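>>> Fold the stuff below for me.
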Amino acid sequence: MSQSLSMVYIHAVFSTKNRIGYLKDGNLRDAVWRFLANTSAELECPALEIGGTADHVHVLFRMDREITQSKWVKELKRTSSLWVKAKARTLYYFHWQAGYALFSVSPSQLDTVRKYIQNQETHHAKRDFKTELRALLRKHGLEWDERYVWE
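Numbering: from 1, shown residues only. Below is the predicted model of the structure:
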(Lines give C-alpha, C1' and ligand atoms only; values in the text may rest on other atoms or scores of the structure.)
Protein backbone atom coordinates (compact mmCIF):
# COMPACT_ATOMS: atom_id res chain seq x y z
CA MET A 1 0.00 0.00 0.00
CA SER A 2 1.59 3.27 -1.05
CA GLN A 3 -0.81 5.41 0.96
CA SER A 4 -0.53 5.86 4.74
CA LEU A 5 -3.88 5.93 6.47
CA SER A 6 -4.79 6.38 10.11
CA MET A 7 -8.01 6.63 12.12
CA VAL A 8 -7.12 6.81 15.81
CA TYR A 9 -9.39 8.43 18.38
CA ILE A 10 -8.13 9.60 21.76
CA HIS A 11 -9.87 10.73 24.94
CA ALA A 12 -7.54 13.15 26.75
CA VAL A 13 -7.97 14.26 30.35
CA PHE A 14 -5.95 16.80 32.30
CA SER A 15 -6.58 19.22 35.13
CA THR A 16 -5.54 22.65 36.19
CA LYS A 17 -2.48 22.73 38.40
CA ASN A 18 -3.44 21.47 41.86
CA ARG A 19 -7.01 21.23 40.56
CA ILE A 20 -7.62 24.91 41.28
CA GLY A 21 -10.98 26.01 39.88
CA TYR A 22 -9.56 28.65 37.55
CA LEU A 23 -12.31 28.05 35.00
CA LYS A 24 -15.32 28.74 37.26
CA ASP A 25 -16.67 31.38 34.93
CA GLY A 26 -18.79 29.57 32.34
CA ASN A 27 -18.08 32.12 29.59
CA LEU A 28 -14.34 31.83 30.11
CA ARG A 29 -14.56 28.04 30.24
CA ASP A 30 -16.49 27.94 26.95
CA ALA A 31 -13.93 30.27 25.39
CA VAL A 32 -11.08 28.02 26.58
CA TRP A 33 -12.82 24.96 25.11
CA ARG A 34 -13.17 26.80 21.75
CA PHE A 35 -9.51 27.81 21.92
CA LEU A 36 -8.49 24.20 22.57
CA ALA A 37 -10.65 23.02 19.65
CA ASN A 38 -9.05 25.57 17.31
CA THR A 39 -5.54 24.68 18.47
CA SER A 40 -6.21 20.98 18.05
CA ALA A 41 -7.54 21.60 14.53
CA GLU A 42 -4.40 23.58 13.68
CA LEU A 43 -2.42 20.51 14.75
CA GLU A 44 -4.49 18.42 12.28
CA CYS A 45 -6.16 16.67 15.20
CA PRO A 46 -9.81 17.69 14.99
CA ALA A 47 -11.68 17.72 18.29
CA LEU A 48 -14.99 15.90 18.30
CA GLU A 49 -15.97 16.99 21.82
CA ILE A 50 -14.50 19.17 24.56
CA GLY A 51 -15.90 19.66 28.03
CA GLY A 52 -15.10 19.66 31.67
CA THR A 53 -15.46 21.73 34.79
CA ALA A 54 -13.68 24.56 36.58
CA ASP A 55 -10.67 22.35 37.31
CA HIS A 56 -10.23 19.94 34.40
CA VAL A 57 -10.92 19.22 30.75
CA HIS A 58 -11.78 16.23 28.57
CA VAL A 59 -10.98 16.29 24.86
CA LEU A 60 -12.11 13.65 22.37
CA PHE A 61 -10.13 14.04 19.16
CA ARG A 62 -8.86 12.24 16.08
CA MET A 63 -5.09 11.87 16.25
CA ASP A 64 -3.13 12.88 13.19
CA ARG A 65 -0.49 10.37 12.12
CA GLU A 66 2.28 12.99 11.94
CA ILE A 67 2.22 14.28 15.53
CA THR A 68 3.03 12.55 18.79
CA GLN A 69 0.59 12.42 21.66
CA SER A 70 2.97 14.31 23.94
CA LYS A 71 3.50 17.09 21.38
CA TRP A 72 -0.27 17.49 20.97
CA VAL A 73 -0.78 17.80 24.74
CA LYS A 74 2.20 20.12 25.14
CA GLU A 75 0.93 22.49 22.44
CA LEU A 76 -2.62 22.56 23.75
CA LYS A 77 -1.47 23.31 27.28
CA ARG A 78 1.23 25.80 26.28
CA THR A 79 -0.87 27.91 23.93
CA SER A 80 -4.03 27.84 26.04
CA SER A 81 -2.13 28.82 29.20
CA LEU A 82 -0.70 31.86 27.44
CA TRP A 83 -4.11 32.71 26.00
CA VAL A 84 -5.92 32.43 29.37
CA LYS A 85 -3.34 34.64 31.07
CA ALA A 86 -3.66 37.27 28.33
CA LYS A 87 -7.48 37.08 28.27
CA ALA A 88 -8.02 37.35 32.02
CA ARG A 89 -5.31 39.26 33.86
CA THR A 90 -6.72 37.96 37.16
CA LEU A 91 -5.64 34.47 36.04
CA TYR A 92 -1.94 35.33 35.90
CA TYR A 93 -1.12 32.14 37.83
CA PHE A 94 -3.18 29.84 35.61
CA HIS A 95 -1.42 26.58 34.70
CA TRP A 96 -2.43 23.12 33.62
CA GLN A 97 -1.04 20.18 35.57
CA ALA A 98 2.16 18.70 34.15
CA GLY A 99 0.66 15.26 33.58
CA TYR A 100 -2.25 13.95 31.56
CA ALA A 101 -4.11 10.76 30.75
CA LEU A 102 -4.87 9.56 27.23
CA PHE A 103 -7.21 6.71 26.40
CA SER A 104 -7.83 5.08 23.04
CA VAL A 105 -11.43 5.10 21.87
CA SER A 106 -12.99 2.61 19.50
CA PRO A 107 -15.11 4.18 16.73
CA SER A 108 -18.05 2.19 18.11
CA GLN A 109 -17.68 4.08 21.43
CA LEU A 110 -17.42 7.63 20.08
CA ASP A 111 -21.02 8.54 20.89
CA THR A 112 -20.69 7.14 24.41
CA VAL A 113 -17.53 9.15 25.10
CA ARG A 114 -19.06 12.29 23.57
CA LYS A 115 -22.08 12.02 25.88
CA TYR A 116 -19.79 11.39 28.84
CA ILE A 117 -17.88 14.59 28.08
CA GLN A 118 -21.07 16.58 27.48
CA ASN A 119 -22.39 15.56 30.90
CA GLN A 120 -19.38 16.65 32.96
CA GLU A 121 -21.24 19.27 35.02
CA THR A 122 -23.93 16.77 36.07
CA HIS A 123 -21.38 14.01 36.55
CA HIS A 124 -19.26 16.13 38.90
CA ALA A 125 -22.17 17.04 41.11
CA LYS A 126 -21.70 13.50 42.44
CA ARG A 127 -17.96 12.86 42.30
CA ASP A 128 -14.75 14.84 42.16
CA PHE A 129 -12.01 14.78 39.54
CA LYS A 130 -9.73 12.44 41.49
CA THR A 131 -12.47 9.83 41.83
CA GLU A 132 -13.34 10.19 38.15
CA LEU A 133 -9.75 9.84 36.95
CA ARG A 134 -9.09 6.82 39.16
CA ALA A 135 -12.18 5.15 37.68
CA LEU A 136 -11.04 5.90 34.12
CA LEU A 137 -7.54 4.57 34.84
CA ARG A 138 -8.97 1.36 36.31
CA LYS A 139 -11.41 0.94 33.41
CA HIS A 140 -8.55 1.16 30.92
CA GLY A 141 -6.21 -1.08 32.91
CA LEU A 142 -3.61 1.60 33.64
CA GLU A 143 -1.45 1.50 36.73
CA TRP A 144 -0.51 4.76 38.43
CA ASP A 145 1.38 6.09 41.40
CA GLU A 146 -0.69 8.36 43.66
CA ARG A 147 2.46 10.27 44.60
CA TYR A 148 2.87 11.58 41.05
CA VAL A 149 -0.49 11.59 39.29
CA TRP A 150 -1.83 14.56 41.28
CA GLU A 151 1.37 16.63 41.48
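
>>> quick check, E49 in a helix?
No: secondary structure of E49 (DSSP: H, G, I helix; E, B strand; the rest coil): strand, not part of a helix.

>>> Am I right that it is in contact with D111?
No: E49 lies out of contact with D111 (Cβ atoms under 8 Å); the separation is 9.9 Å. Bear in mind the C-beta positions are built from the backbone N, C-alpha and C, glycine included.

>>> of those two, who's got more company?
The residue with more neighbours, out of E49 and D111, is E49; 19 against 11, by other Cβ atoms under 10 Å.

>>> OK, contacts around the more buried one?
Going by Cβ atoms under 8 Å, 6 or more residues apart in numbering, E49 touches H58, V59, L60, V113, R114, I117, Q118.

>>> can you check I20 too?
With Cβ under 8 Å, 6+ apart, I20 has these contacts: D55.

>>> for this protein, which spans come out with low pLDDT?
Where the chain drops to pLDDT under 70, the residues are 1.

>>> quick revisit: among the contacts of E49, name the buried ones.
Neighbour counting by 16 or more other Cβ atoms under 10 Å classes H58, V59, L60, V113, R114, I117 among those as buried.

>>> Could you give the bridge partners of the third one?
On DSSP bridges, the residues paired with L60 through beta bridges are H11, E49.

>>> okay but it is in contact with R114, surely?
Yes: between L60 and R114 there is a contact under Cβ under 8 Å: 6.2 Å.

>>> hey, what's in contact with both of these two?
L48, E49.

>>> For this protein, which segments count as helices?
In the chain, the helices defined using DSSP state H lie at 26-42, 69-87, 110-118, 120-123, 129-139, 146-149.

>>> Export these to TSV and append columns for distance to F14.
TSV is the format used below for those (distance: least, Cβ to Cβ, whole Å):
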stretch	distance to F14
helix 26-42	11
helix 69-87	7
helix 110-118	13
helix 120-123	13
helix 129-139	10
helix 146-149	11
